[in-house]
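A.B. asks: After the sequence you'll find the predicted model.
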Amino acid sequence: MATATDEIHAPVTTPSDRAEPGSLGETIIDLKEVNVHYGSFHAVSGVNFKVPKNRITALIGPSGCGKSTVLRSINRMNDLVPGARVTGEINYHGVDLNSAKVDAVEVRRRIGMVFQKPNPFPKSIYENIAWGARINGIKGNMDERVERCLRGAALWDEVHDKLKESGLALSGGQQQRLCIARTLAINPDVILMDEPCSALDPISTLKIEDLMRELVRQYTIVIVTHNMQQAARVSDQTVFFSLNDKRQGVLVEAGPTREIFTKPRDQRTEDYITGRFG
Amino acid sequence: MARVEYVHELQELRDDVVAMASMTDKAIARSVDALKRQDVSLAREVMTADQYINNHRWQTEERALHLIATQAPMAGDLRTISAAIHITTDLERMADHAAGIAKIVIQTSNEPAIKPLVDIPRMCDIAREMLSASVSAYIDGNVEQAKAIALRDDEVDALNDQVYRELLTYMMADPLTINRATRLLWAAHNVERIADRVTNICEWVIFAVNGSLEEL
């Protein structure tokens, strides 16, 4: 029987191992004509793209172009924003997540989220992981689950002897990995990450990036990042957003990361990634 | 426009490539001139000047690597820098071929000329026209011009074949000409390789403009 230790020693894949140019594989989430309004303000217009399974998709673009808004739409987090309205289809395993018939809580269990600022619970390291699993009705050996999740987040070696200590006592990078471990505890399918490294130092950032490449063997990851080099390093697919002349966020170009960063099709993409933008 | 200094450095890199092309062109012209006139002194100057071309190559590559390390270039900028590295490598090799021709001049300085040279200088003229045009294509980002230049390599190849056939007849007629004729074959081969290298430059021009890697 495979153990938590077995997983950590499995070979780490790299973007080049996983994705041949032009071949991103099976689609797990399909966004069709997604529009987002905040009250009367039309924030995001007509977004269409596919999220491939077991790949990392990076959403990039200038500030205010709707990247995080689109990300939050995927797991219905925009439901929590007063006045927000998402239209269009967000198909996940054939189900439109945007449908009123779909349970948003169940969506968020299967499509987890890691935020820009690490936000561990004010609980022990152990409870940060166990509590979420418990309230979601997950049973079984909790000690083993905690260890597996901490190993999955590349944090076990650093905290295994202090699981009863507060999660808030960890460093920023460790806290963010704890948040990732917390997400893993409830068996997600997809992990959304909203600028997960922007509050971290360079070393912690690289550790999180290494972790992403390990996690993507089991999960699908969508990441919003302002760091283009990060998007180029870790992702298989890159989706570039910008603002149209009505100040609405629009999708300009999506494609294999290798192509987006070496020969983008759209001049707006070229201008942005070469820094000529603005 | 953002990144003014970076854009300026990219232009300086392009200028480096153009400057090196000019140095290489001069080396090629002088080497074949030395061959025509059996001018040993000029040949020695070509060989000495080769070190400056080598130094220029390293400086250009260093500038390119510095840009990569510090500016994280992407897309067209990355292709431009990559092309610059490859083009300077080809230019440096072309200059080596010119130095090779100069060395032949020195090696055959004690032997009488077999015949006035016509085809090898003609090959050299075409190769230099190709080089000049390829540099223009690089500056202008002209893909069609780059493709057209590459076609002229066939002219150089045809002249090289002609040189081979002609020198063969000389060698068969008079074995005493074998040494000099063989070295002239090498000289012609050096010019033929120069033209091949210009074709490489044209390929890199196309890559820099549209990202496609194609054999011309």
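C.D. replies: Good, I have the coordinates.
A.B. asks: so A:D245 sits in a strand?
C.D. replies: No: with DSSP: H, G, I helix; E, B strand; the rest coil as the criterion, A:D245 is coil rather than part of a strand.
A.B. asks: where's B:M171 relative to B:N179, distance?
C.D. replies: Here B:M171 is placed at a distance of 10 Å from B:N179 (Cβ to Cβ, to the nearest Å). C-beta here means a position set from N, CA and C on the backbone, and glycine is covered the same way.
A.B. asks: Have a look at these two and say which one is more surrounded.
C.D. replies: Between B:M171 and B:N179, counting by other Cβ atoms under 10 Å in any protein chain shown, B:M171 is the more crowded of the two (18 against 13).
A.B. asks: For the more buried one, list the residues it contacts.
C.D. replies: Neighbour list for B:M171: B:177-178, B:181-182 [criterion: Cβ atoms under 8 Å, 6 or more residues apart in numbering or on different chains].
A.B. asks: Work out for me the element it sits within.
C.D. replies: Using DSSP states H and E, B:M171 falls within helix B:153-173.
A.B. asks: Show me which of the contacts of B:M171 are buried.
C.D. replies: Neighbour-count burial within the contacts of B:M171 applies to B:177, B:181; the criterion is 16 or more other Cβ atoms under 10 Å in any protein chain shown.
A.B. asks: Just the closest of the contacts of B:M171 to A:N48, please.
C.D. replies: B:T182 (67.3 Å; Cβ to Cβ).
A.B. asks: tilt between the strand or helix carrying the closest one and helix B:153-173?
C.D. replies: Assigned by DSSP H and E, B:T182 falls within helix B:178-210. Angle, helix B:178-210 to helix B:153-173, by axes from the mean of the first three to the mean of the last three Cα atoms, to 10 degrees: 170 degrees.
A.B. asks: Now do the buried residues in helix B:178-210.
C.D. replies: Buried-residue list, helix B:178-210, by 16+ other Cβ under 10 Å: B:180-181, B:183-185, B:187-209.
A.B. asks: what's the distance between it and the middle of its chain?
C.D. replies: From the chain centre to the centre of helix B:178-210 is a distance of 6 Å (Cα atoms, centre = their mean, to the nearest Å).
A.B. asks: Likewise for stretch A:143-157?
C.D. replies: With Cα atoms, centre = their mean, you get 19 Å for stretch A:143-157.
A.B. asks: what do you get for stretch A:200-214?
C.D. replies: That offset, for stretch A:200-214, works out to 13 Å (Cα atoms, centre = their mean).
A.B. asks: Tell me if it is near chain B.
C.D. replies: No: using Cβ under 8 Å from any Cβ of the partner chain, stretch A:200-214 stays clear of chain B, coming no nearer than 13.9 Å.
A.B. asks: where exactly do the helices run in the stretch 51-200 of chain A?
C.D. replies: With helices called from DSSP state H, counting those that start in this stretch, the stretch 51-200 of chain A shows them at A:67-74, A:104-110, A:125-135, A:142-152, A:156-159, A:172-184.
A.B. asks: Does anything pack onto the last one? Which helices or strands?
C.D. replies: Which is helix A:172-184. On a contact count with 3 or more Cβ pairs under 8 Å, 6 or more residues apart in numbering or on different chains; DSSP states H and E, helix A:172-184 meets strand A:111-114, helix A:125-135, helix A:142-152, helix A:156-159, helix A:202-215.
A.B. asks: mind saving the C-alpha coords of it as CSV?
C.D. replies: C-alpha atoms of helix A:172-184 as CSV (Å, rounded to 0.1, in the frame of the first residue of the first chain):
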residue,chain,number,x,y,z
GLY,A,172,5.3,33.4,5.7
GLY,A,173,6.4,30.7,3.3
GLN,A,174,5.6,28.0,5.7
GLN,A,175,2.2,29.5,6.4
GLN,A,176,1.4,29.5,2.7
ARG,A,177,2.4,25.8,2.4
LEU,A,178,0.2,25.1,5.4
CYS,A,179,-2.6,26.8,3.6
ILE,A,180,-1.9,24.5,0.6
ALA,A,181,-1.9,21.5,2.9
ARG,A,182,-5.2,22.6,4.3
THR,A,183,-6.6,22.7,0.8
LEU,A,184,-5.3,19.2,0.1
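A.B. asks: Disregarding residues adjacent in the polypeptide, which is nearest to B:M74?
C.D. replies: In this structure, B:M74 finds its nearest non-sequential neighbour in A:I273, 4.3 Å apart by Cβ to Cβ, 6 or more residues apart in numbering or on different chains.
A.B. asks: Give me the pLDDT for the residue in chain B positioned nearest to chain A.
C.D. replies: Closest residue of chain B to chain A, Cβ to the nearest Cβ: B:G211 (3.2 Å). For B:G211, the model assigns a pLDDT of 94.
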